[in-house]
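*Asks:* here's my sequence, what's the structure:
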Amino acid sequence: MEVSSFSTSCRSLQQYTVVNVETLLLKKKCLPKWNQVHLFPSKRALRPVGRQTGTRQQNHAQVLCCQLKEVPIVDARCMDEVYDTLAERLVPIAAAESNPNFKHIVGLCGPPGAGKSTLASQIATRVNKLWHQRSSCFDSQVESPEVSIVLPMDGFHLYRHELDAMEDPKEAHARRGSPWTFDPERLLRCLTNLRKEGSGYVPSFDHGVGDPVEDDIFVSLQHKVVIVEGNYLLLDEEVWRDISSIFDERWFIDVDIDKAMQRVLRRHISTGKPPDVAKWRIDYNDRPNAELIIKSKNKADLIIKSVDF
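*Replies:* The predicted structure is shown next:
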């Protein structure tokens, strides 16, 4: 994808907006110009990281400022600069930790149509590439393992048979994708186990079948950076609060809701839904969910603002 510009600036920490980055975001293929992105940490990013200790305990915003302020203004021609900038933030964190069970868990949140899966995948790929380049400098004979992996929240959907068992099965299926059609307790147990044990199996989601796939993703001890992507990771409700508290960093992709729904409409139609059915599903389910998700933006440490032009 082509990009019109990429720029960064570092301001005083007292102003809270430490870094601005301008570029495009979130399409899997190189297409004509789509949207523009601004990356900036929220006020919450100024709080210290509670789990880090000793000399490594430092302020999220200070870390971001120190790592990004030296990036020059670039006349970019592709999306790589944004992906690389975020990946380069994560690699030193993985490299600095000697605990074999260590996990740096990033929660990537945003409404439907924001591009969470694309962003998570691209950054994980770049983290692994940078890690391999770093490792090969020390031993060119040994292939380094992947150090980053993506964990999609979709694997924690309730099964269709669980929706069938609800008081109003028709409504449950129509509203699938709403918070109450997920199993947040299971997601919390999974993340807690990864934090404690350093490895474990997690489910994925088969969109063709429409159900989770058990134990389809293995997070190993070698995976130091885990990017969890999903809709409700920052939701300020019940179990979701506990899930949010596990993350070392909380990223939010902020997108104009009308633009996001246009993308979701195209996605529904591409999977075979008639246009009128696709529009009904957006009005009845996707947009209300997106409005709820956008309210959780203020819980983020880093906001990725996507604007179509």
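*Asks:* just the mean pLDDT for stretch 176-191, thanks.
*Replies:* Per-residue pLDDT values over stretch 176-191 give a mean of 97.
*Asks:* and it, which residues are buried?
*Replies:* Across stretch 176-191, burial judged by 16 or more other C-beta atoms under 10 Å covers 176-179, 181-184, 186-188, 190-191. C-beta: built from backbone N, CA, C; applies to glycine.
*Asks:* closest to Ala290 among those residues?
*Replies:* Within those, proximity to Ala290 (C-beta to C-beta) peaks at Gly177, which comes in at 10.0 Å.
*Asks:* now do stretch 121-132: everything it contacts.
*Replies:* Stretch 121-132 has contacts (C-beta atoms under 8 Å, 6 or more residues apart in numbering) with 79, 83-84, 86-88, 90-91, 94-95, 143-144, 146-150, 225, 227.
*Asks:* swap in 7 Å and give it another go.
*Replies:* Outside stretch 121-132, the residues within contact range by C-beta atoms under 7 Å, 6 or more residues apart in numbering are 83-84, 86-88, 90-91, 94, 144, 146-150, 225, 227.
*Asks:* before we move on, back to that, now render the buried residues of stretch 176-191 as JSON lines, adding secondary structure.
*Replies:* Converted to JSON lines, these look like this (DSSP: H, G, I helix; E, B strand; the rest coil):
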{"residue": "Arg176", "secondary structure": "strand"}
{"residue": "Gly177", "secondary structure": "coil"}
{"residue": "Ser178", "secondary structure": "strand"}
{"residue": "Pro179", "secondary structure": "helix"}
{"residue": "Thr181", "secondary structure": "helix"}
{"residue": "Phe182", "secondary structure": "strand"}
{"residue": "Asp183", "secondary structure": "coil"}
{"residue": "Pro184", "secondary structure": "helix"}
{"residue": "Arg186", "secondary structure": "helix"}
{"residue": "Leu187", "secondary structure": "helix"}
{"residue": "Leu188", "secondary structure": "helix"}
{"residue": "Cys190", "secondary structure": "helix"}
{"residue": "Leu191", "secondary structure": "helix"}
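*Asks:* what's the local residue count around the residue nearest to Ala260 when sequence neighbours are not counted?
*Replies:* Spatial nearest neighbour of Ala260, excluding adjacent residues (C-beta to C-beta, 6 or more residues apart in numbering): Gly113 at 3.4 Å. The tally of other residues near Gly113 (other C-beta atoms under 10 Å) stands at 25.
*Asks:* you'd agree Gly113 is up against Val264?
*Replies:* Yes: here Gly113 reaches Val264: they are 4.3 Å apart, a contact under C-beta atoms under 7 Å.
*Asks:* return the distance of the nearest residue to Phe182 once chain neighbours are set aside relative to Glu185.
*Replies:* For Phe182, ignoring the flanking residues on the chain, the nearest one in space by C-beta to C-beta, 6+ apart is Phe156 at 5.3 Å. Going from Phe156 to Glu185 by C-beta to C-beta, to the nearest Å gives 9 Å.
*Asks:* contacts for the one helix or strand Val213 maps to?
*Replies:* Assigned by DSSP states H and E, Val213 belongs to strand 211-219. Residues outside strand 211-219 that contact it (C-beta under 7 Å, 6+ apart) are 149, 151, 155, 157, 159-160, 194, 199-206, 226.
*Asks:* next structured bit after it?
*Replies:* strand 225-230.
*Asks:* does anything pack onto that next one? Which helices or strands?
*Replies:* Applying 3 or more C-beta pairs under 7 Å, 6 or more residues apart in numbering; DSSP states H and E, we find strand 225-230 packed against strand 104-109, helix 116-136, strand 148-152.
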